[in-house]
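**Student:** quick check, what structure comes out for this input:
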Amino acid sequence: MSRVGKQPIAIPDTVAVRLDGAVVRVEGPKGALSQRIPDGVAVDVAAKVVTVKRMNERQPTRALHGLTRTLIQNMVLGVTTGFSKALEIQGVGLKAQVDQQTLTLSLGFSHPVTYRIPAGVVVETPKPTQVIVRGMDKALVGQVAATIRHFYEAEPYKGTGIRYVGELVRRKAGKAVATKA
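**Tutor:** Next up is the predicted model:
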């Protein structure tokens, strides 16, 4: 039995969980999310508890058991508190700016990089070198943050680029100058 999958999910008072066929819908103060339940996994919605069970002991079903429970738990957390990822930009002249639904990044290229922010995600730039991605869908928040980071990943020689806050960038030594002995 999956250690993660067998744990029940507590539902807060401000959240409503409904099961419509093979789709779980979660509604809360921040909005609504839905997730399709894979075959071989059953979801039971009781008064204030959601439990996930598997129908058989085949390997794909066992793999989906814990995943399904975690996805539902993340939906419950997302509609109550939400998720966020913080990025920092390091380097001289590198900066970010948000105009409505467009993020404009000046990354030292010959042109500014523009990124259209998808629906369901809010991007903020409290400082020109700081980008915060917020939303209620954990996967979407993580994907948007990864896409922004991919525009100019932190390079190992000078450390310039976009990185997650607290991310450790392993630095490499530059070329060593040979001396004659």
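**Student:** got the domain boundaries for the chain?
**Tutor:** Following automatic domain parsing, the chain resolves into domains at 9-80, 83-164.
**Student:** okay if I get the ones you listed as a markdown table plus mean pLDDT, mean neighbour count and distance to Lys180?
**Tutor:** Bear in mind the C-beta positions are built from the backbone N, C-alpha and C, glycine included. As requested, the domains of the chain are exported to a markdown table (pLDDT from 0 to 100; neighbours: other CB atoms under 10 Å; distance: least, CB to CB, whole Å):
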| stretch | mean pLDDT | mean neighbour count | distance to Lys180 |
| --- | --- | --- | --- |
| domain 9-80 | 93 | 16 | 61 |
| domain 83-164 | 95 | 16 | 26 |
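**Student:** residues contacting Tyr164?
**Tutor:** When contacts are counted by CB atoms under 8 Å, 6 or more residues apart in numbering, Tyr164 touches Lys85, Ala86, Leu87, Glu88, Ala145, Arg149.
**Student:** before we move on, back to that, dump the domains of the chain into a markdown table; add distance to Ala176 as well.
**Tutor:** Listed next are the domains of the chain as a markdown table, based on distance: least, CB to CB, whole Å:
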| stretch | distance to Ala176 |
| --- | --- |
| domain 9-80 | 48 |
| domain 83-164 | 13 |
